[in-house]
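**Q** I would like to see how this sequence folds:
(2 chains)
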Amino acid sequence: MLEGILTGLTTVIQPVNLMMVFVGCFAGTFIGMLPGLGPISAIALMIPVTYGFDPASGMILMAGVYYGAIFGGSTSSILLNAPGVAGTVATSFDGYPLARQGKAGKALAIAAYASFSGGTIAAVFLLLAAPALAAVSLSFQSAEYFALMVLGLTAVSAFAGRGQFLKAMLMTCFGLGLATVGQDAASDITRYTFGMVDLLDGISFLLLAMATFALSEAIMTVLKKDKADAKAQEAAKGNLGSMKVSKSEVKEMVPTIGRSSILGFFIGVLPGAGATIASFLAYGMERNLAKGKDKEKFGKGSIRGLAAPETANNAACSGSFVPLLTLGIPGSGTTAVMLGALISYGVQPGPRLFVEAPNVFWAVIVSMYIGNIVLLILNLPLIPYIARLLALPEQILVPLIMFFSLCGVYLVSFNTFDIQLMVFFAALAIILRLTGYPMAPLILGFVLGKLMEENLRRALEIADGWSFVWERPITLVIFILTALCLIAPLREMMVARRGTKDELAGEGG
Amino acid sequence: MTKDRVSGFVLLVISLGYFLSAYQIELYPGSEEDFINAQTFPKAIGLAAILFAFLIMVLPSKDDEGFASWKTMDWLRPAALCVLMIFYGLTIKSVGFLISTSVFLIGGFLILGERRIWMLLLASVPIAAGFEFILDGLLGIYIADPFLEWLGVK
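**A** So this is what the prediction gives:
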């Protein structure tokens, strides 16, 4: 392991890579701060920039963007009560009340310390867990990979939230369906191209990610008439107050940070869970643990209530790298975009990554420590200035984001058909978002689609039939877990529905 | 009519179309009997999509408010932005990167309500020119620009 850490450190301390950490954290903080734009958009927007880079540098940049975006989201949560990222919604519960009490500076400082601690502690867990899991997963065969992918996709939907399960599953199927467009990898037979030459190579992952996230999220801010502009201008120009955190406050935060880091990391490792669920669970856990006056403070500016979700969401970000780096299976939309980027660099994540490209594997892990330090350095002194960026008018920002999204895709293929296809997918994504369909499962399904088909083919050929499902105990266990992930939300839906019917019958009677 | 029922129905039709199209995928002779061929995966996905779309349609969520909120949304400007993007895609090669990007950005700013001429020009032309210079001039990525070629700059 020490050798690995040194390999990672040697890669990360190269000036180019250190610059990547800085640029990634800064760009992520900035994009994540813009209400409406999340980490997936932030990473998608950075992918074209990384195409010419070495895979390790590209991944370092994207990892920086990821936790930068999560932190940026907390800034807008605290200052505007308008979270840029779902993972920072829980931050606004106590962060915004603190800002309203004139303690915005303190709230931002607490968020910065909590994020730093959560990220750093989780990086230690990642350091221990990733190589161990990678070593175990070296024995995995195609059947296990296929089963894990099915489990990952189902779990993402199962965690999508009440009433969202079916929609998330349908979006996953659509993502898998979009991945079948173009030539079949095994037989070269064209599928779903409708005679269009431009679709022969399939749909570009970058195009789909940009259209369904960056582009559609930017346009959605125009569509919804709730204007945060005036509030943003006010927050950006306003005085943030002192950023000092007292000794007693630090004492109050420390146990919360410890608990939330552990919880956040393990939630992040689970497929489908991630920063949003981690932050809500950590907030709920702290509120339940608090007693008396402390409990009453929750929702009114509690320091523990702010530190818990902030720690957990950053810890979950680190945790979500475990399945990506060790199994090559992303557990969330954000890591799915990273997987897509890695594949386009020509790097295949998974247990072989640990053996074949140790510099990428270790550099990402080591860069997390440095990234967290950079975030702290960047955020504490620069927050008052970064907050001013919130005052950038929407009428200037939105067309610029659209331009970067379109050009990011066009400058890779130089095919104008891609621009038209992006507009089509962005329009479709907006309609789907408005009808409550989540986009992350779509991108996850799309990224995993080809890999899933390939592994299914190999598993069927090796086992000479469907017996691969039960031949190896581990495959069977994974499939049973998948079935549970499918049945549990369906059962919950049925029970809720029956409850409603009974209620209605009661009202009628 | 709830959003779930309408969207579920539309997506069910799309899923059915996808599933039935899977039968149109050509196969190599003899591969029909294989455990897996080019049709297998799309058929499986299609079936699953049909099932989920059907369930969404028949089991709509309780808190579905319908399409009432859609009426208060600003549809005109996003639609105009989409038209602008299509126009950008049609002109970027024929007119050239510099002009089409500048027009695209100015158009976007105007649609979203920016009226200050200095801002319109400052946030568009220098960005387009700077972007083209970095990519074409510094990084050596060739960007076709008939306008600059006509001017003799490229």
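**Q** Up against chain B, what does the stretch 251-400 of chain A have?
**A** Applying CB under 8 Å from any CB of the partner chain, we find that the stretch 251-400 of chain A lies next to chain B at A:393, A:394, A:395, A:396, A:398, A:399, A:400. Backbone N, C-alpha and C define where each C-beta goes, glycine included.
**Q** pLDDT for these - can I get that in TSV?
**A** Formatted as TSV, those follow (pLDDT from 0 to 100):
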residue	pLDDT
A:393	81
A:394	81
A:395	88
A:396	90
A:398	90
A:399	94
A:400	92
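**Q** count of neighbours near residue 22?
**A** No chain specified, so I'll use chain A. Other residues near residue A:22 come to 18 when the count uses other CB atoms under 10 Å in any protein chain shown.
**Q** my bad, the chain I had in mind was chain B
**A** So residue B:22, with other CB under 10 Å, has 22 neighbours.
**Q** Please apply the same query to the one 4 residues further on.
**A** Using other CB under 10 Å, the number of residues around residue B:26 comes to 11.
**Q** and if you look at the one 3 residues further on?
**A** Burial measure for residue B:29: 5 neighbouring residues, criterion other CB under 10 Å.
**Q** Look up phi and psi at it.
**A** Main-chain dihedrals, residue B:29, degrees, to the nearest 10: phi -60, psi 130.
**Q** With residue A:183 instead?
**A** According to degrees, to the nearest 10, residue A:183 has phi -80, psi 130.
**Q** Once you drop chain neighbours, what's closest to it?
**A** residue A:190 (5.5 Å; CB to CB, 6 or more residues apart in numbering or on different chains).
**Q** how about residue 25, secondary structure?
**A** Let's take chain A. Secondary structure, DSSP: H, G, I helix; E, B strand; the rest coil: residue A:25 is helix.
**Q** switch to chain B, that's the one I care about
**A** Put simply, residue B:25 is coil when judged by three-state DSSP.
**Q** Looks like it contacts residue A:187 (just checking).
**A** No - applying CB atoms under 8 Å as the test, residue B:25 and residue A:187 come out as separate, 9.7 Å apart.
**Q** list residues touching both of the two?
**A** Common neighbours of residue B:25 and residue A:187, using CB atoms under 8 Å, 6 or more residues apart in numbering or on different chains, are residue B:38.
**Q** distance of the residue nearest in space to the middle of chain B from residue B:14?
**A** The centroid of chain B falls nearest to residue B:82 when counting by CA atoms, centre = their mean (8.7 Å). Using CB to CB, to the nearest Å, we find residue B:82 at a distance of 20 Å from residue B:14.
**Q** Do the helix or strand that contains residue B:106 and chain A come into contact?
**A** Remark: residue B:106 resides in helix B:97-111, with elements defined by DSSP states H and E. Yes - using CB under 8 Å from any CB, we find that helix B:97-111 touches chain A at B:101, B:104, B:105, B:107, B:108, B:109.
**Q** picking that back up, please name the residues that touch the residue nearest to the centre of chain B.
**A** A:219, A:423, A:426, A:427.
**Q** about what we covered before: could I get the residues of the stretch 251-400 of chain A next to chain B as a markdown table with neighbour count?
**A** Output for those, formatted as a markdown table (neighbours: other CB atoms under 10 Å in any protein chain shown):
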| residue | neighbour count |
| --- | --- |
| A:393 | 16 |
| A:394 | 20 |
| A:395 | 20 |
| A:396 | 18 |
| A:398 | 25 |
| A:399 | 27 |
| A:400 | 17 |
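**Q** counting contacts, what elements does the helix or strand where residue A:283 lies pack onto?
**A** Taking DSSP H and E as the criterion, residue A:283 maps to helix A:275-289. With contacts taken as 3 or more CB pairs under 8 Å, 6 or more residues apart in numbering or on different chains; DSSP states H and E, helix A:275-289 sits against helix A:89-100, helix A:247-269, helix A:303-319.
**Q** Quick check: can you list the domain ranges of chain B?
**A** Listed by automatic domain parsing, the domain ranges of chain B are B:3-69, B:76-151.
**Q** Make TSV out of those and add distance to residue A:287 and mean pLDDT.
**A** Listed next are the domains of chain B as TSV, based on distance: least, CB to CB, whole Å; pLDDT from 0 to 100:
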stretch	distance to residue A:287	mean pLDDT
domain B:3-69	24	90
domain B:76-151	39	91
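**Q** what's the residue nearest to residue A:183 in contact with, if anything?
**A** Counting by CB under 8 Å, 6+ apart, residue A:190 has contacts A:182, A:183, A:184, A:200.
**Q** hmm, which of the residues you listed are the buried ones?
**A** A:182, A:183, A:184 (16 or more other CB atoms under 10 Å in any protein chain shown).
**Q** does the second one really touch residue A:201, like I thought?
**A** When you say that, I think you mean residue A:183. Yes - Residue A:183 lies in contact with residue A:201 (CB under 8 Å); the separation is 7.3 Å.
**Q** Against residue A:400, how distant is the closest residue to chain A within chain B?
**A** In chain B, no residue comes nearer to chain A than residue B:108, which is 2.8 Å away by CB to the nearest CB. Distance of residue B:108 to residue A:400, given as CB to CB: 8 Å.
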